[in-house]
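K.L.:
Sequence first, predicted model second:
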Amino acid sequence: MSDTRYTSTVWQIMEALNEANQLEDVLSSGLEIICRALPCDNANLWLYNKDENRVYIVSCEGEKDLTGFSVEIQNSILESVITLGQAKMIEDSNSIETIATDKDLQNIFGKNVLLIPLKTPYGVSGCIQFNDKTDGFNEDDIKLCENAASLLALDIEDKGLTYNPNKNKTPLVSVRNVIKEFPSGEEIRRILKGIDLDIYQGELLVVLGESGCGKSTLLNIIGGMDKMTSGELLIEGKDFSNPTEKELTDYRRDYIGFIFQAYNLMPNLSALENVQFIAEVSKNPLDPQKCLDMVGLGDRGNRYPSAMSGGQQQRVCIARAIVKNPKLILADEPTAALDFQTGQEVLKVIEDIVVNQGTTVIMVTHNVEIAKMANRVIKLKNGKISSIRVNMHPLHAEDLLW
Ligand SMILES: Nc1ncnc2c1ncn2[C@@H]1O[C@H](COP(=O)(O)OP(=O)(O)O)[C@@H](O)[C@H]1O
Ligand SMILES: [Mg+2]
């Protein structure tokens with residue numbers, strides 16, 4: 001086998017193990033590293049829940065969001081992989097029907113499939129599924145995957161894992177095959193190239209990606225501030241792809257709270273007046289003073305923005321977003337302009353909104369550390385989703401470091 005490929009893969013995984021303090025982060029990096037080495041574009045990581053005798057997908061490489069999908073082990077294709085810890089390869093595309101008669105399952109099991117257990121001497125904690133590798137998997141590929149998987153399995157063993165999936169998940173917003181193009185001189189540039197995504201009630205979803213990859217564009221489309229070129233937007237299951245101007249205005253006003261990188265506070269209004277102003281034009285507002293209390297500025301209501309620090313101004317913006325009592329809060333790089341400490345204070349408030357108010361938040365950032373406090377993390381790359389992972393144990397904002 002190509003020794004360099006093997007060594008460099010193992011080395012990269014060891015490095016990821018050393019760097020990351022969050023298991024989920026290691027698993028998703030590990031998946032990405034193995035996929036790059038094979039190469040293979042599409043893979044999922046299943047974790048085994050012994051009590052339920054089910055396996056759950058917690059991490060995906062590729063553009064398909066399968067997080068939360070689960071199957072019962074018994075009589076499933078994964079049974080021997082999980083119970084005996086044996087690798088399994090499925091080459092014959094015609095056998096898909098027998099692998100998975102279920103339509104949903106067919107979606108998950110592609111054509112050239114390799115299943116590798118996450119195995120330590122103490123047991124099997126799940127498996128990795130590699131899909132649709134055009135030229136199939138050879139002996140060397142299997143060895144590479146087995147060894148890489150055992151490193152990840154050791155980390156699972158080491159850090160301990162209890163997976164408590166959120167069973168009654170209902171999507172608040174669904175995005176289907178969303179494409180966005182912008183004119184650029186003579187040409188048209190496609191910025192979003194087909195995004196499929198569900199945003200669940202009560203979750204903190206973090207969207208990661210390098211500058212210019214389309215994060216804000218996606219957020220603006222979800223928030224009704226920009227129109228998609230094609231695709232569908234569903235709000236609580238209802239089609240919202242072609243809203244009227246009135247529907248759009250109502251949606252932005254009543255349903256969505258925005259937090260931007262720039263504070264956009266009205267300079268001639270005090271902190272409290274800034275929040276009151278939004279409350280007055282909202283359908284179902286909360287008490288403005290209580291919202292200031294919630295962001296820790298209850299005694300600063302009389303201050304004007306010019307007399308407040310960046311972190312305080314950003315917290316007023318959060319109060320302004322929550323006073324509308326929106327179902328969904330969209331935060332675009334809310335801490336990008338803040339130093340570490342004030343950034344962390346702002347993130348604590350966001351954590352509080354999600355955990356204690358049950359509000360759904362989508363937060364865009366290019367800071368990978370912030371992703372550790374999310375319930376799920378989506379990575380965007382070149383206008384497409386490149387990976388999705390579930391954080392079974394999100395970190396508290398106060399435990400983040402950057
Ligand atoms: N209104 C616009 N007109 C033309 N191009 C745009 C417009 N908005 C964004 N873009 C381009 O789309 C790409 C993605 O932008 P954006 O979504 O802001 O990225 P991110 O938020 O990930 O940094 C960038 O190349 C940007 O120049
Ligand atoms: Mg942006």
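P.N.:
The structure has been received and is ready for your questions. Numbers count the residues shown, from 1 in each chain. Ligands and ions are numbered 1, 2, ... in the order given.
K.L.:
drop to CA atoms for contacts and neighbour counts, all remaining ones
P.N.:
Noted.
K.L.:
Just give me the neighbour total for Ile318.
P.N.:
28 (other CA atoms under 10 Å).
K.L.:
repeat for Tyr6
P.N.:
Tyr6 has 20 neighbours, counted by other CA under 10 Å.
K.L.:
Ok, Asp299 next?
P.N.:
Neighbour count for Asp299, taken as other CA under 10 Å: 11.
K.L.:
before we move on, what about Gly68?
P.N.:
Gly68, neighbours per other CA under 10 Å, totals 17.
K.L.:
Can you tell me the SS state at it?
P.N.:
Of the three states, Gly68 takes coil under DSSP: H, G, I helix; E, B strand; the rest coil.
K.L.:
Pull up the gap between it and ligand 1, please.
P.N.:
Remark: distance between Gly68 and ligand 1 (CA to the nearest ligand atom, to the nearest Å) = 26 Å.
K.L.:
my guess is that residue meets Val58, correct?
P.N.:
Yes: between Gly68 and Val58 there is a contact under CA atoms under 8 Å: 6.2 Å.
K.L.:
any common contacting residues for those two?
P.N.:
Contact criterion CA atoms under 8 Å, 6 or more residues apart in numbering; residues shared by Gly68 and Val58: Val390.
K.L.:
which is the next helix or strand following the lengthiest helix in the chain?
P.N.:
Looking across the chain with DSSP state H, the single longest helix is helix 139-159. Once the chain leaves helix 139-159, the next helix or strand it forms, by DSSP states H and E, is strand 171-184.
K.L.:
Quick check: buried residues in that next one?
P.N.:
Using 16 or more other CA atoms under 10 Å as the burial criterion, the residues of strand 171-184 that qualify are Pro171, Leu172, Val173, Ser174, Val175, Arg176, Val178, Ile179, Lys180.
K.L.:
Within range of ligand 1, give me the residues from the stretch 101-250 of the chain.
P.N.:
Proximity of the stretch 101-250 of the chain to ligand 1, by CA under 6 Å from any ligand atom, involves residues Phe182, Ile191, Ser211, Gly212, Cys213, Gly214, Lys215, Ser216, Thr217.
K.L.:
Tell me which of these fall in strands.
P.N.:
Among these, the ones falling in strands (DSSP state E) are Phe182, Ile191.
K.L.:
Which residue ranges make up each domain of this protein?
P.N.:
3-159, 173-399 (automatic domain parsing).
K.L.:
pLDDT below threshold where in the stretch 1-150 of the chain?
P.N.:
Residues of the stretch 1-150 of the chain meeting the criterion pLDDT under 70: 1-2, 93-99.
K.L.:
could you show me where the strands are in it, in order?
P.N.:
Under the criterion DSSP state E, counting those that start in this stretch, strands of the stretch 1-150 of the chain are mapped to 42-49, 54-61, 70-72, 88-90, 113-120, 123-131.
K.L.:
Contacts for the last one next, please.
P.N.:
So that's strand 123-131. Outside strand 123-131, the residues that touch it by CA under 8 Å, 6+ apart are 35, 40-49, 55, 81-83, 85, 109-119, 149, 153, 156.
K.L.:
In ChimeraX, select just the buried ones from those.
P.N.:
ChimeraX command restricting the contacts of strand 123-131 to the buried ones, with burial defined by 16+ other CA under 10 Å:
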select :35,40,41,42,43,44,45,46,47,48,49,55,81,82,85,109,110,111,112,113,114,115,116,117,118,119,149,153,156
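K.L.:
returning to what we had before: is it possible to mark the buried ones in the residues of the stretch 101-250 of the chain next to ligand 1?
P.N.:
Applying 16+ other CA under 10 Å to these, the neighbour count classes Ile191, Cys213, Gly214, Lys215, Ser216, Thr217 as buried.
K.L.:
which ones among those are found in helices?
P.N.:
Filtering these for helices - DSSP H - leaves Lys215, Ser216, Thr217.
K.L.:
Can you name the residues that contact the residue nearest to Lys159 when sequence neighbours are not counted?
P.N.:
With sequence-adjacent residues excluded and distances taken as CA to CA, 6 or more residues apart in numbering, Lys159 is closest to Leu23, at 6.9 Å. Neighbour list for Leu23: Asp155, Ile156, Lys159 [criterion: CA under 8 Å, 6+ apart].
K.L.:
how many neighbours does Glu187 have?
P.N.:
The burial count assigned to Glu187 is 8, neighbours taken as other CA under 10 Å.
K.L.:
again, but for Leu248
P.N.:
Counted with other CA under 10 Å, Leu248 comes out at 16.
K.L.:
Got the phi and psi for Asn268?
P.N.:
Note on Asn268: backbone dihedrals following degrees, to the nearest 10 are phi -90, psi 10.
K.L.:
Leaving out chain neighbours, which residue sits closest to it?
P.N.:
Taking CA to CA, 6+ apart, and ignoring the residues beside it in sequence, Asn268 has Tyr304 as its nearest neighbour in space, at 7.2 Å.
K.L.:
Report how many residues lie close to the one you found.
P.N.:
Tyr304 has 19 nearby residues by other CA under 10 Å.
K.L.:
Gly126 too?
P.N.:
Gly126: 27 neighbours (other CA under 10 Å).
K.L.:
Look up how far Ile57 lies from it.
P.N.:
Separation of Gly126 from Ile57 (CA to CA, to the nearest Å): 9 Å.
K.L.:
Please enumerate the shared neighbours of the two.
P.N.:
In contact with both Gly126 and Ile57: Leu45, Trp46, Leu47, using CA under 8 Å, 6+ apart.
K.L.:
quick one: which of those residues is nearest Trp402?
P.N.:
Leu45 (27.6 Å; CA to CA).
K.L.:
Name the nearest residue to the closest one, sequence neighbours excluded.
P.N.:
Leaving out its chain neighbours, the residue that sits closest to Leu45 by CA to CA, 6+ apart is Ile128, at 4.5 Å.
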